[in-house]
Every structure is written in structure tokens, then in C-alpha cells.
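Colleague: Just a sequence and a predicted model for now, questions to come.
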Amino acid sequence: MKLIALARAACAAAALVLASAPDGRAADPIEWRYFTYFPVNDKPAQLTRAFAEDVGKATNGRLKITVYASGELPYKAPDVLKAVATNQVQMGDVALGFASGDVPELNVLSLPFLCTSYDQFEKAIASIGPSIEETLARKFGVGVAVHWTMPPQNLWLNRPISEFGQLKGLKVRTWNPELVAMVRLLEGSPITINSAEVIPALERKVIDGAFTSALSANDWRAYEIIKTGYLANVTMGHQVMMVNNAELAKLPPDLRDTLAAKAKEWTARYMTMSREGDREALRNLAANKVNLVEPTAADRDKGRAMMRPMWDEWATKQGAFGRGMLDRALAACGAGS
């Protein structure tokens, strides 16, 4: 269930917490920690700090959320779900692809060519979002405040390419099991590294290219190294803003309600940041002489046909739940058979 529903459930279950101390002094602010795996200067990290500041203002300083970016706490992207679940931080964000080791059954939107646009993503979340939220709550005691997506995941390389077949023999950064499988099918070598390691790896020629969004490539100034962006729109980057449900339940009812309202309000802002950031990033990458290549219809169809069996393999591994997730995502994204 969404955060507002979790807030109402917690409100019914939690004891009343007074907003002021017994002697009438204002109560000390409740302090939460929020970890984002994005580097400090990336647009998502900047937006999350703005979200936290807005929550602080809306609660008159009674709920203070301090945001820590990549490198500021000893976590990497795959650690965030467990860090929130164990209350090392009270909130965090993660791409579900990074959490696939803990919840592989939720990673359906990482399947290549299944969901490849913002409109498809929003329809898919309306369909599968409740199942994602229920699973995270049941398995980890974690609530979902916001579903949003990074821009399409594309391929950024230090050399020209014009078709998927030219990935053969190349070392390509991947960040979830589905991209690993895709690169192997294309006879490339997948290298799984975190966001902060991509540029150093490109500079040292540890990798020849990387799957990421135009937004991230631009934020990282990858245009100083890369030559080609292959705009295949392989997947969207499904992001989840999480909150520890036990800590949520401890908040006074009005703070829970305010946090829920702000999460709903900021969902649209995250999506707007992603859409506008993608357009701006592509313009800047092109201005910095990165060759943006659109796949031909034939190459796109070829890539999709190669990946299609992966969808059913994924669903089979995840059982009846996974099959249901895939069927609903297929219907929402219009991917067909």
C-alpha cells in the first residue's frame, strides 16, 4: 500500500505522541537519515535534498531529514534496502535492479525492451505497484513513498557503433542481472560496477561502454570520454523511495500525514525532473560532440526478439508471482507477445 495508507494504518496503531514537552517547551525535532546512492551533484540527489528541506518546512522543523549521498555513508546501491529495513537509515532510494539480489521477483521492469517509455512506466506502476509495495512491507518492513523512473537506459561507448551486433567482444558496464544477460547474449563481457566507478573505469579502459541514462552520463561529464550514445531505450530505471515502517509508525499522526502528502506531491516532481533532465542531457551531450545514434527499426526488432525469451525465463524463475507481474507489465506496456 502507498505511504499515505501506511501512515493511516500506523496512526490507528500508534499511541498519541505529544508535539511539545510536558513543561510546554517545543519538543526536540525528530531526526531521520536518508541515503541516496546517487553522487552528491547528480540531479536526483539534489532533488532529494530539496524534498527533505520541503518536509522540514512543512513540519515547522519537527521532522528533520538529513540526506547523505554516495560516499557520505558506508553503503553502496545494493545495500540500501537492507539499510532502511534494519533502521541504519530511516529512508533511502534504490533502483530495484540494484536490489535484485534481495527481491528478484520485483525487478520485472528491468527486462530489456519490455517497458521503454515514461508513459509505459506510469501505466505499469499503476498495475504492479501495489504488489511491489506489499512485498517490500511483508519481507522487509519497508514502505514505498515514491515510485519514479530515471530516463531510458541507453548505451554510452568510447567508440562508434551502429548496431547491437557491434557489442561483440566489448566490456560493458551493467547494473542488474537482466542487463548482464543481455550483454552476454550479444557476446559482450558484462562488468557490474556502481555509478561512481563508471567514469574512472572508462578512463582506465577497464570498460568500453556503460548502460546508464543520458541524465547520469551528462551529470558525470561522460562526454569528455565517450564518443557514441546508442539510444535503444533498453529499459526504464525504476526507482523506489523507501521508508522504515516501524519508524514511520512512531511519528505523531500529523507528521505522518504531512510526510505522506509531500511524498505524493513530489512524485510528480521526480518524474518531471527525469523527463526534463533527459531532454536537457541529450542536448548537452550532442553539443559536446557525442554522436547520438538511433537504432534502425530492424536492429531494434532484432534486439527485442533476442531478449524476448528472457522474459519467460525470468517469470518461470519467479513462479506464479513472477508470471503475474510479467503478464500485468506486458498488458500495461503494450509489449505484446
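Modeller: The structure has been received and is ready for your questions. Numbers count the residues shown, from 1 in each chain.
Colleague: Distance of P252 relative to A58?
Modeller: Going from P252 to A58 by C-beta to C-beta, to the nearest Å gives 14 Å. All C-beta spots, glycine's among them, are computed from the backbone N, C-alpha and C.
Colleague: what does A286 give?
Modeller: 39 Å.
Colleague: With F140 instead?
Modeller: Taken as C-beta to C-beta, the span from F140 to A58 is 27 Å.
Colleague: Tell me who's in contact with S195.
Modeller: Contact partners of S195, counting by C-beta atoms under 8 Å, 6 or more residues apart in numbering, are Y37, F38, P39, S70, A77, W175, T212, S216, W220.
Colleague: Show me those residues that map onto helices.
Modeller: Among the contacts of S195, the members found in helices (DSSP state H) are S216.
Colleague: For the stretch 151-300 of the chain, just list every one of the strands.
Modeller: Under the criterion DSSP state E, counting those that start in this stretch, the stretch 151-300 of the chain contains strands at 171-174, 189-192, 209-213, 228-244, 291-293.
Colleague: H147 is in what secondary structure piece?
Modeller: strand 142-157 (DSSP states H and E).
Colleague: and the angle for that strand with strand 228-244?
Modeller: With axes from the mean of the first three to the mean of the last three C-alpha atoms, to 10 degrees defining the directions, strand 142-157 sits at 170 degrees from strand 228-244.
Colleague: Give me the distance from strand 142-157 to the chain's centre.
Modeller: 3 Å (C-alpha atoms, centre = their mean, to the nearest Å).
Colleague: Stretch 28-43 now?
Modeller: In terms of C-alpha atoms, centre = their mean, the centre of stretch 28-43 is found 15 Å from the chain centre.
Colleague: Quick check: mean pLDDT of it?
Modeller: Mean per-residue pLDDT for stretch 28-43: 95.
Colleague: Burial check on I193, number of neighbours?
Modeller: Number of residues near I193 (other C-beta atoms under 10 Å) recorded here: 16.
Colleague: Could you double-check that it sits in contact with L202?
Modeller: No: counting by C-beta atoms under 8 Å, I193 does not reach L202; the two are 10.4 Å apart.
Colleague: Show me where the stretch 1-150 of the chain dips below the pLDDT cut-off.
Modeller: Residues of the stretch 1-150 of the chain that meet the criterion pLDDT under 70 lie in 1-26.
Colleague: Which parts of it are helices?
Modeller: 3-13, 43-58, 80-85, 118-140 (DSSP state H, counting those that start in this stretch).
Colleague: Out of those, which one sits most buried?
Modeller: When the helices of the stretch 1-150 of the chain are scored by mean count of other C-beta atoms under 10 Å, the highest mean neighbour count falls to helix 80-85 (a mean of 23).
Colleague: what helices or strands is it leaning on?
Modeller: Packing contacts for helix 80-85, counted by 3 or more C-beta pairs under 8 Å, 6 or more residues apart in numbering; DSSP states H and E, involve strand 30-36, strand 91-95, helix 118-140, strand 142-157, strand 228-244.
Colleague: between the third one and strand 142-157, how big is the angle?
Modeller: Note on geometry: by the same axes, to 10 degrees, helix 118-140 and strand 142-157 are set 130 degrees apart in direction.
Colleague: Likewise for the first one?
Modeller: Here strand 30-36 points in a direction 30 degrees away from that of strand 142-157 (the same axes, to 10 degrees).
Colleague: out of the helices and strands packed on helix 80-85, which comes closest to N107?
Modeller: Taking C-beta to C-beta, strand 228-244 is the member of the helices and strands packed on helix 80-85 nearest to N107, at 8.1 Å.
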